[in-house]
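Visitor: Just to be clear, the model below is a prediction. Sequence and coordinates:
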Protein chains: 4
Amino acid sequence: MVKMAVIGCGYWGPNLIRNFHGLPDVELKSIADLDRARLDHVGKLYPHVQRTTDYREIIANPEIDAVVVATPVSTHFSIGREVLEAGKHLFVEKPMAASSEQCRLLNDLAADRELQIMVGHTFCFTPAVRKIRELIQMGELGDIFYVDITRVNLGLFQQDVNVVWDLAPHDIAMLNYLFEATPEVVSATGRSYVQQGIEDVAFLTLEYPGRQIAHIHVSWLDPNKIRKSTFVGSRKMLVYDDVSSLEKIRVYDKGVDVLPHYDNFGEFQLSYRFGDIFIPRVEQVEPLKIETAHFVACIQGRDLPLSSGQHGLQVVEVLEKACLSIRQDGQPYHLEYSEA
Amino acid sequence: MVKMAVIGCGYWGPNLIRNFHGLPDVELKSIADLDRARLDHVGKLYPHVQRTTDYREIIANPEIDAVVVATPVSTHFSIGREVLEAGKHLFVEKPMAASSEQCRLLNDLAADRELQIMVGHTFCFTPAVRKIRELIQMGELGDIFYVDITRVNLGLFQQDVNVVWDLAPHDIAMLNYLFEATPEVVSATGRSYVQQGIEDVAFLTLEYPGRQIAHIHVSWLDPNKIRKSTFVGSRKMLVYDDVSSLEKIRVYDKGVDVLPHYDNFGEFQLSYRFGDIFIPRVEQVEPLKIETAHFVACIQGRDLPLSSGQHGLQVVEVLEKACLSIRQDGQPYHLEYSEA
Amino acid sequence: MVKMAVIGCGYWGPNLIRNFHGLPDVELKSIADLDRARLDHVGKLYPHVQRTTDYREIIANPEIDAVVVATPVSTHFSIGREVLEAGKHLFVEKPMAASSEQCRLLNDLAADRELQIMVGHTFCFTPAVRKIRELIQMGELGDIFYVDITRVNLGLFQQDVNVVWDLAPHDIAMLNYLFEATPEVVSATGRSYVQQGIEDVAFLTLEYPGRQIAHIHVSWLDPNKIRKSTFVGSRKMLVYDDVSSLEKIRVYDKGVDVLPHYDNFGEFQLSYRFGDIFIPRVEQVEPLKIETAHFVACIQGRDLPLSSGQHGLQVVEVLEKACLSIRQDGQPYHLEYSEA
Amino acid sequence: MVKMAVIGCGYWGPNLIRNFHGLPDVELKSIADLDRARLDHVGKLYPHVQRTTDYREIIANPEIDAVVVATPVSTHFSIGREVLEAGKHLFVEKPMAASSEQCRLLNDLAADRELQIMVGHTFCFTPAVRKIRELIQMGELGDIFYVDITRVNLGLFQQDVNVVWDLAPHDIAMLNYLFEATPEVVSATGRSYVQQGIEDVAFLTLEYPGRQIAHIHVSWLDPNKIRKSTFVGSRKMLVYDDVSSLEKIRVYDKGVDVLPHYDNFGEFQLSYRFGDIFIPRVEQVEPLKIETAHFVACIQGRDLPLSSGQHGLQVVEVLEKACLSIRQDGQPYHLEYSEA
């Protein structure tokens, strides 16, 4: 039985509490939030779980094996460090920390103490994304030329991070997971309309090894909620629409073939393929259920973290460079991933 | 009665022929195409119209008042110059010519000879775009923060121009018309996947006076045909979906208000508005019908060209700089519009 | 403080428990289910609420003021009678009972004892339906000619009632509420494909006073979940799509006007109107929250039941006659509503 | 070379003219319409085709081999008879004639003279319908339980026929073609809202041999144009959406299996299947092109009419009985198809 605590009962915390609470191998001991009212509101559903407004009670509790941190990004590092220094495993929400430097320090600490770090990159555990990975690995799409991602909606505006730090971690984590690679170059442009100095609209371009391009559009200023990724491959094309409840993935047997060249330029021709469309059934499981169970399995030594501290660091490296690029009108940045 | 001729019976030419032929003030005298079979195929529907495979017969015909040029972009300049030098008015398909230099030469020539030039920027004549312009000018959207445009589909791949020259003229012409302004800065990234050296996917960022940003995504490599423009304003948001047949424009009474600041940071708040959606009825008229009638009105001195040679030049200036930016990894280019 | 109990923890019961539990004026004392495992599973979230597999403990408990019955339809009457005979108020799920005779007996009993009966016709409390009622009453649609309703999906197949008893109560209750009237004639056809003798597909035609027709298509055998009602009025048309999360109601300024007759038949003309479309914002509140609060207000004498026992009876009368009509190949049945 | 003429240049006539004119084996000699202006408008595109306001000139012209009749339904019989009596083949628009008696007389006449009759039931030539037929015949759907069809829009209101005669022929012809059978029983209800005595909304129920039910909803009073047919089979389900341009057919691998019965009623269970969705590519050919070419092949003895006079008669028999049923509140009518 793994004994756990959750720090942070805001927007996302309750989902983590509900899922960890429902796991057979877990005993949820304690939850913490600075806001007493919020803490009691969330805690009412779990009358047997201790509540505290001082997270240090959790750090100090020798009974607790692992701690979940679902607080604002700016606090991830300091709380995460205390968790690890107290010899507890760490589950930290995404993005992992406010800088790559902080991520590396956390990773070093965990390595020293032989503790697990897992970052809450939910999309690595989403059945639709796993289905896409399966289709890619089976060669169904051929070589992937580029991916175009739109992740926009109205709000929720954040005050401590911009829209890149808020929304793009999902896409970067998903792409790194799907391609089993990290981008080599990133450039980005962005603007802040509503809050001075905090970008609410941004466009990122990521270049993966082998000329694969991913283009990501994130915005807090769009009338519609759109979460759409279009994968253009040499054999087929795939659209992943995460807003659709039943038809998340569509595989298009469409494409263009370059015919062998002829001497005569006039004979040069492209041949189009327009074929069937296939909508595979995707298992309807809450990704967080898979994710939380995975963390417990890692603690118990039955698995290795998929969205590890290393994975979390790689995402933050891209975020950092993207924001530098925004400050310099889209200047491309090369990424050299430091050892964790 | 204006006597006209059309050079080029390819993809778009027949639409111009059909529309000019249907105008009450026009007598269509002649059509030309290099390809005899194509010429006869198109000409069969208009048995009384002369056909020629040599467009110079049209240039030489003193009876003809105005000439429509619907040939590949690379030939616009040389044919257009001959048309103007022969003292005939010129309607040239978009983009106006292969370089801004060529556009300027055509404009100078037309000014010298007191002839009209009009460029086939259809979107300036599209009822939905005119409705949007009306809504913007009435202040319905408030200040426009940014516009996000997606114009993608599978093919048609061109061999002489890239996807920027092929698709983006529509959007640039539309934006210049809607904003009654021209962009000050442009940056772009692009890639060529299918044909070596000819970009088939590109992303453009245009900066208009007053911080307005337009982001344009063009692609020949997308499984779905999408023509969608999202206008985000300070009061309302508008989505223009040109693929929808009956619901092209949606106005969202949605937005975010920045409340006056408080001393206490914790009191800082944004207030969201989520309101009704309004789908105005848009007149169902073929834009080309309005456009061709407008050209005749200009020739007859009853109107001034909306999509004039100056307008056509301004679009080409953006295309040129966007392609330079692509060659330099997205380097922003400042635009200084030369006098025509 | 109203002291309540819920009998039945199956598909719908937990929603009632959650909502009554959340009301400030309510103390949820006890829940019952025949199935011990189910009872414990549901009860775990409410550790302070008593559990029993014998609902008669609830009937016998003098502390309890009101009982919610969410059991199979066939048991509504017998349990409901016991509840009322024990002097407790009754909230019973829809349809109210297995026959109009049973409904009348319950209503008589409640009247005798001066107790409240409320039937769980959720659609009378749904914000979108209330918005439609408001639009109708404001005359926005003009006279309503007919309503066409589709309520289909794959399963859940019931074993004790057919698809008419399962799905149509929603629509009949909604229509009676919207029109403030009850149908005068009903006819229906139906077929049973999957389970012998239990119709899984049916089509009902209801005739309301004043020639208003409602046509209802219910099915357990459709690949898509559709909940769509089209209201055709003399002024405007309205489509209510309950599956859409954000655009439930669309009002079309469309219609046809009969012009005054001319002598000459050839001059007879209809004039079409094609106008704007309007999507009003609908408040996002769980209907069950409004419904459960309303029941408590009725018990406390602050309100009168909207979906009263009389309302519940009127729905069951239509269901009964519709099923008779099905047995006779669609023979129309006239409805004479008995006094409750 | 088959020499042809077309009588009727109204709504549909020009489409027939355009298609027959485009066939290699056809010489279009003459077109007729009572309205001189309409005739000239349509004729302008075909300057070499003779025009007449008196269709009897066509009947009297010994050069003409076959005549296309695209006039109002009430005139189909009298004109069609003259055509056949003059020894010419007959293509008549749907519905074939104003009564089954008239259809039989035309069929008898054609049989006597050894002439071809073909009825313009376009859906028998529509690529999507042919694809559905192929899928049904391959057993892809299993046994078809029922079909639910919606064919509604706003207008065009007819003055000589009701909405059943106007819209339902498409569906009846399609179903007879798909099932290779004719319905045994028909019942229908309908109402007239806009024009006194001419139904503008109707619901038909057709019963085919083997308990297959087809339910058809036709209306001139709906804000949306819907053409949707849902086929529910024992193996799979199929939705045919004729309004969609690129995704006309969707095959759902969904269904419900009745498990073998157990002694214990409680163990009785249904098993649901929720699987992939498949959207087959459908050839994009104008059905009228296939249909007109087929008529010419039949005249030349190379084929037998698919939508023969017998087929046209069977459709009219259903229409007649459906309208009788409407007059009698949905009374079911048995159909006994007379020999043609």
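Guide: Yep, it's here. Numbers count the residues shown, from 1 in each chain, chains lettered A, B, ... in the order given.
Visitor: Give the rounded mean pLDDT of stretch A:152-159.
Guide: The average pLDDT within stretch A:152-159 is 80.
Visitor: starting at the chain centroid, how far to that stretch?
Guide: Computed by C-alpha atoms, centre = their mean, to the nearest Å, the chain-centroid distance of stretch A:152-159 equals 17 Å.
Visitor: Mind exporting the C-alpha coordinates of that stretch to PDB?
Guide: The C-alpha coordinates for stretch A:152-159 follow below in PDB (Å, rounded to 0.1, in the frame of the first residue of the first chain):
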ATOM      1  CA  VAL A 152      -7.100  27.600 -28.700                       C
ATOM      2  CA  ASN A 153     -10.000  28.700 -26.600                       C
ATOM      3  CA  LEU A 154     -11.300  31.700 -24.700                       C
ATOM      4  CA  GLY A 155      -9.300  31.900 -21.400                       C
ATOM      5  CA  LEU A 156      -8.400  30.700 -18.800                       C
ATOM      6  CA  PHE A 157      -5.900  33.500 -18.600                       C
ATOM      7  CA  GLN A 158      -3.100  32.800 -16.200                       C
ATOM      8  CA  GLN A 159      -1.200  35.500 -14.300                       C
END
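Visitor: got a list of contacts for that stretch?
Guide: Contacts to stretch A:152-159, defined as C-beta atoms under 8 Å, 6 or more residues apart in numbering or on different chains, come from residues A:11, A:165-166, A:194-195, A:198, A:200, A:217-226, B:254-256, B:268, B:270, B:272, B:274. Bear in mind the C-beta positions are built from the backbone N, C-alpha and C, glycine included.
Visitor: Specify the angle between the strand ranked longest in chain A and strand B:221-233 in degrees.
Guide: If you go by DSSP state E, chain A has its longest strand at strand A:221-233. Angle, strand A:221-233 to strand B:221-233, by axes from the mean of the first three to the mean of the last three C-alpha atoms, to 10 degrees: 170 degrees.
Visitor: just checking, what packs against the helix or strand just after strand A:221-233?
Guide: The element immediately downstream of strand A:221-233 (helix or strand, assigned by DSSP states H and E) is strand A:237-241. Where contact means 3 or more C-beta pairs under 8 Å, 6 or more residues apart in numbering or on different chains; DSSP states H and E, strand A:237-241 is packed against helix A:127-137, strand A:221-233, strand A:249-258, strand B:221-233.
Visitor: got the angle for the shortest one vs strand B:221-233?
Guide: It stands for strand A:249-258. 120 degrees.
Visitor: is chain C contacted by the next helix or strand after strand A:249-258?
Guide: For strand A:249-258, the following helix or strand on the C-terminal side (DSSP H and E) is strand A:270-279. No: judged by C-beta under 8 Å from any C-beta of the partner chain, strand A:270-279 stays clear of chain C, getting no closer than 11.8 Å.
Visitor: List of residues touching strand A:270-279?
Guide: Contacts for strand A:270-279 (C-beta under 8 Å, 6+ apart): A:247, A:249-259, B:154-155, B:157, B:194-195, D:247, D:276-281.
Visitor: Now restrict the residues you listed to buried residues only.
Guide: Buried members of the contacts of strand A:270-279, scored by 16 or more other C-beta atoms under 10 Å in any protein chain shown, are A:249-256, B:154, B:157, B:194-195, D:277-281.
Visitor: max-length helix in chain A?
Guide: In chain A, taking DSSP state H as the definition, the longest helix is helix A:309-327.
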